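Enquirer: Whatever this is, show me its structure:
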Amino acid sequence: MTDLASQAVTLDRAQSARSVLSLRDVSLNYGAGIAVLQNLSLRIERGEFVSVVGRSGSGKTTVLNLAAGFLTPDAGQVLIDGRRVTGPGPERAVVFQDDALYPWRSVADNVALPLKLAGVPASERHARAARLLEAVGLAGEGAKRIWQLSGGQRQRVGIARALAAQPEFLLMDEPLGALDAMTRELMHGLILRLWQDSHAGAMLITHSIEEALFLSTRIVVLAPGPGRIVHEESADWGRRFLSGNDPRALKSEPGFIAARERLVDAIYEREAA
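Expert: Take a look at the predicted model:
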């Protein structure tokens with residue numbers, strides 16, 4: 001093995017060993033002792049795609065906010081590679097349902113903003129922004145203003161911006177919730193390809209069980225009162241799509257339909273109980 005190959009293998013092993021985002025026995029209360037989450041543990045490795053589903057009030061967005069460092073748990077720990085999370089950091093990027101873009105900046109400048117804040121030279125950040133815009137299907141659109149884009153295009157810009165700093169973890173809070181069904185399906189393929197190319201660990205908060213199943217390698221179901229994990233389901237349809245399988249055929253498979261029903265049962269059986 002050459003020295004370069006040996007170094008590459010060593011780097012890959014080191015990345016694999018250190019790239020873990022974990023919530024360990026976290027609990028969080030709002031207001032006067034209202035329990036939102038209780039003793040919740042969740043581990044996401046780089047290269048995984050984990051979706052979190054559950055009824056309203058089960059704490060899905062709270063889990064993402066803890067992982068992002070926007071909230072601090074009342075008990076338990078949030079860790080990255082064994083280091084305690086005390087706030088937002090460059091190894092985690094967040095995509096919100098509201099695209100949260102800056103309308104006074106150009107499309108390219110929105111994408112390049114994290115690089116500017118990190119002190120990356122202008123020529124390098126502009127080149128990287130152009131590559132990312134091409135990756136999300138917006139090549140040549142960098143000079144436009146945000147208000148000139150459709151909803152789906154704006155979300156593509158938001159995802160490109162999140163990936164600009166090459167984060168180890170991509171955290172997405174209902175990023176496709178406001179899009180029409182056709183645009184949403186197109187975005188599924190885009191998100192999967194970007195996830196595969198980035199090698200990031202992904203967390204998706206969604207109300208769509210079918211979306212969670214299609215995109216994820218693992219789906220976690222939360223139940224409310226207080227929020228806790230009640231079911232986990234492994235999946236491989238997203239990876240099979242990336243291997244060339246037709247998405248409609250995948251979603252029509254008996255295994256997909258059975259998994260969807262198991263998730264529906266896990267979400268709603270607690271409501272009936």
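
Enquirer: C-alpha only now, for contacts and for neighbours.
Expert: OK.

Enquirer: What distance do you get for the nearest residue to Gly57 once chain neighbours are set aside to Ser58?
Expert: Leaving aside its chain neighbours, Gly57 sits nearest to Pro224 (5.8 Å; criterion: CA to CA, 6 or more residues apart in numbering). Note on Pro224: its distance to Ser58, by CA to CA, to the nearest Å, is 4 Å.

Enquirer: any shared contact partners between those two?
Expert: Val36 (CA atoms under 8 Å, 6 or more residues apart in numbering).

Enquirer: gap between stretch 100-118 and the chain center?
Expert: Its chain's C-alpha centre and that of stretch 100-118 lie 20 Å apart, by CA atoms, centre = their mean, to the nearest Å.

Enquirer: now what about that stretch, what contacts it?
Expert: In contact with stretch 100-118 (CA under 8 Å, 6+ apart) are residues 122, 125-126, 128-130, 133, 141-147, 154, 157-158, 160-162, 164-165.

Enquirer: how about it: buried residues?
Expert: Within stretch 100-118, the residues scored as buried using 16 or more other CA atoms under 10 Å are Leu101, Ser106, Val107, Ala108, Asp109, Asn110, Val111, Ala112, Leu113, Pro114, Leu115, Lys116.

Enquirer: quick one: which of those sit in helices?
Expert: Val107, Ala108, Asp109, Asn110, Val111, Ala112, Leu113, Pro114, Leu115, Lys116 (DSSP state H).

Enquirer: which residue ranges form the strands in the stretch 51-200 of the chain?
Expert: For the stretch 51-200 of the chain, the strands defined by DSSP state E, counting those that start in this stretch cover 75-80, 83-84, 92-95, 169-173.

Enquirer: Now render these as JSON lines, adding distance to Gly201, mean pLDDT and mean neighbour count.
Expert: As requested, these are exported to JSON lines (distance: least, CA to CA, whole Å; pLDDT from 0 to 100; neighbours: other CA atoms under 10 Å):
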{"stretch": "strand 75-80", "distance to Gly201": "12", "mean pLDDT": "96", "mean neighbour count": "20"}
{"stretch": "strand 83-84", "distance to Gly201": "17", "mean pLDDT": "94", "mean neighbour count": "12"}
{"stretch": "strand 92-95", "distance to Gly201": "9", "mean pLDDT": "92", "mean neighbour count": "23"}
{"stretch": "strand 169-173", "distance to Gly201": "5", "mean pLDDT": "94", "mean neighbour count": "25"}
